[in-house]
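Chemist: A structural model of the following input is requested.
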Amino acid sequence: MEIDFKDKRISFPRELSKLDELALHFSEQLSSTGIKHVFLSGYIAILFGRNRMSEDIGVVCEVVSFETFDAFWKDIHETLDCIITSDPKDAYDVYLRKGVAIRFAHKGEFIPNVEMKFKSTEMHREALSHALDAVVNERHIPISPLEQQIAYKLFMASEKDIEDARFLFKLFQENLEMGKLSSYLDSLEVPLETARRYLGWSE
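Modeler: This next block holds a predicted model:
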């Protein structure tokens with residue numbers, strides 16, 4: 001896969017899976033409603049070609065008014081259903097505003113699905129503020145900074161997460177800001193020696 005990484009944009013062609021189509025469609029609907037958002041977690045490694053299964057896609061959004069969310073709700077429900085609640089007011093007040101995610105899937109299906117939540121942590125705010133523009137087959141999707149993603153995956157520390165981190169590190173090693181990666185590791189209390197060992201990261 002040929003990847004062009006310039007500034008904060010990563011462009012690449014790839015045959016799209018059902019998971020990719022769902023993520024891109026959801027992102028395009030959020031953008032058309034003016035909702036700032038960023039995709040993160042396991043889907044990022046999958047987007048760049050890591051061959052593993054996943055049933056969900058994580059996206060964090062800026063907190064918006066109910067009116068804006070309701071406009072998004074009406075648009076997205078032309079193609080997807082919320083599998084948590086059928087009431088947009090409940091989705092907003094009972095779930096999103098209280099820090100609980102809601103999920104959307106194709107009509108009549110439960111997986112794969114998109115897990116949507118409002119920002120609630122400093123990591124979320126960082127991801128939204130410093131998002132990268134991934135352009136796959138000329139379609140745009142905002143993703144969390146790779147340094148943050150790698151550090152977070154090492155923090156989670158399951159075998160799958162460590163492999164995600166290693167995949168991203170090896171793929172983008174020449175483009176990463178190592179000082180920024182070290183800072184994220186420090187904030188998550190992941191020892192630098194541990195990160196170096198898992199990632200094959202030498203001086």
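
Chemist: what about the closest residue to residue 110 other than its chain neighbours, neighbour count?
Modeler: Counting by C-beta to C-beta, 6 or more residues apart in numbering, residue 110 lies nearest to residue 83, which is 5.7 Å off, once chain neighbours are set aside. In this view, the C-beta of every residue, glycine as well, is placed from N, C-alpha and C. Residues near residue 83, counting by other C-beta atoms under 10 Å, number 15.

Chemist: got a list of what residue 83 touches?
Modeler: 103, 104, 105, 110, 113 (C-beta atoms under 8 Å, 6 or more residues apart in numbering).

Chemist: May I see those organised as CSV, with neighbour count, pLDDT and secondary structure added?
Modeler: CSV is the format used below for these (neighbours: other C-beta atoms under 10 Å; pLDDT from 0 to 100; DSSP: H, G, I helix; E, B strand; the rest coil):
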residue, neighbour count, pLDDT, secondary structure
103, 21, 98, strand
104, 24, 98, strand
105, 18, 97, strand
110, 11, 93, coil
113, 23, 96, strand
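
Chemist: which pair in those spans the largest distance?
Modeler: 104 and 110 (10.5 Å; C-beta to C-beta).

Chemist: List just the nearest of the contacts of residue 83 to residue 33.
Modeler: So of the contacts of residue 83, ranked by how close each gets to residue 33 (C-beta to C-beta), first place is residue 104, at 13.6 Å.

Chemist: Please tell me how far the residue lying closest to residue 153 once chain neighbours are set aside sits from residue 95.
Modeler: Distance criterion C-beta to C-beta, 6+ apart; nearest residue to residue 153, sequence neighbours excluded, is residue 165 at 3.8 Å. To residue 95, residue 165 is 30 Å away according to C-beta to C-beta, to the nearest Å.

Chemist: Wait, the residue nearest to residue 153 touches residue 196, no?
Modeler: No - applying C-beta atoms under 8 Å, one finds residue 165 not in contact with residue 196, separated by 11.9 Å.

Chemist: which residues in this protein form helices?
Modeler: Assigned helices in the chain, in chain order: 18-32, 43-47, 66-76, 88-90, 122-129, 146-156, 159-172, 178-187, 192-199 (criterion: DSSP state H).

Chemist: Mind exporting the C-alpha coordinates of the last one to CSV?
Modeler: Put plainly, it is helix 192-199. The C-alpha coordinates for helix 192-199 follow below in CSV (Å, rounded to 0.1, in the frame of the first residue of the first chain):
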residue,chain,number,x,y,z
LEU,A,192,9.6,4.1,28.1
GLU,A,193,11.6,0.9,28.5
THR,A,194,8.4,-1.2,28.1
ALA,A,195,7.4,0.8,25.0
ARG,A,196,10.8,0.4,23.4
ARG,A,197,10.7,-3.4,24.0
TYR,A,198,7.2,-3.9,22.6
LEU,A,199,7.7,-1.6,19.6
